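# I would like the atomic coordinates for the input below:
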Amino acid sequence: MTPQVFKARVQGFSTVMIALTSAYLVYYLYRSVGRAYRFSLGEPDMWINHWRVEDSAIIAQSTRVTYFCIWMFVILASTVAVIAALHLLNRCRKGLIFDAVTARAVQHVGGLLIIAMIADQLFGAVDWYLLTKHNLVNQEPIQWAYDPTDYKTIALALVLFMFGWVMREAIEVEQTNKEFV
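The predicted structure is shown next:
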């Protein structure tokens, strides 16, 4: 495969991925923000009817707002990571594949995914506590739950970050070598 064919394929694939990722981002925001708002603030009965919440529990508004704000942080961290991925895909669509800015964009996507997944893990530890905080009998403590999917995503994010770092360093070394020749 010639470099021109490779570049054209990467540009075409990136264009398709931009469309799919943009559609996913809109769907993700609509569903996630809507679900968090409805559960926390918009439809109070959803919280009361949760299987972990006792019938006698009276949920304080501050708990609902805290739950919503924590979820919004996780949602926004994930959104920023997806926007960084769109930026990376757009650079590839323009044919800017092997340069330091693209390598830095790969690093940013990996780093932002790591932050989003850590936020998700931290919120997951607080989730049951906030849901059951106002129960009279069955209050859950803050506890961490193991989800292998989250660790796979964190591992992938670390690989992306590492790949971007190595790619950027290699590009900078190549540029330094060209200056000496």
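# helix/strand/coil for Gln139?
On the three-state scheme (DSSP: H, G, I helix; E, B strand; the rest coil), Gln139 is labelled coil.
# Help me confirm that it comes into contact with Leu130.
No - using CB atoms under 8 Å as the test, Gln139 is too far from Leu130 to be in contact (10.6 Å). Every C-beta, even on glycine, is put in place using the N, C-alpha and C of the backbone.
# Which one's more surrounded, the two?
Set side by side, Gln139 and Leu130 show more neighbours around Leu130, with 20 against 14, by other CB atoms under 10 Å.
# Could you check which helix or strand contains the more buried one?
Under the criterion of DSSP states H and E, Leu130 resides in helix 100-132.
# Please identify the buried residues of that helix?
Of the residues in helix 100-132, those buried under the neighbour-count criterion (16 or more other CB atoms under 10 Å) are 102-114, 116-117, 119-121, 124, 126-128, 130-132.
# can you pull the contacts of the residue lying closest to Leu156 once chain neighbours are set aside?
Nearest-residue entry for Leu156: Leu113, 7.5 Å, with adjacent residues in sequence omitted and distances by CB to CB, 6 or more residues apart in numbering. If a contact means CB atoms under 8 Å, 6 or more residues apart in numbering, then Leu113 has Ala81, Thr153, Ile154, Leu156, Ala157, Leu160 as its contacts.
# so where's the protein uncertain?
In the prediction, the chain carries residues with pLDDT under 70 at positions 181.
# what's the nearest residue to the residue most central in space within it if we skip its chain neighbours?
Note on the chain: the residue nearest the mean C-alpha position is Ser78, at 2.6 Å, using CA atoms, centre = their mean. Nearest residue to Ser78, sequence neighbours excluded (CB to CB, 6+ apart): Ala116, at 4.5 Å.
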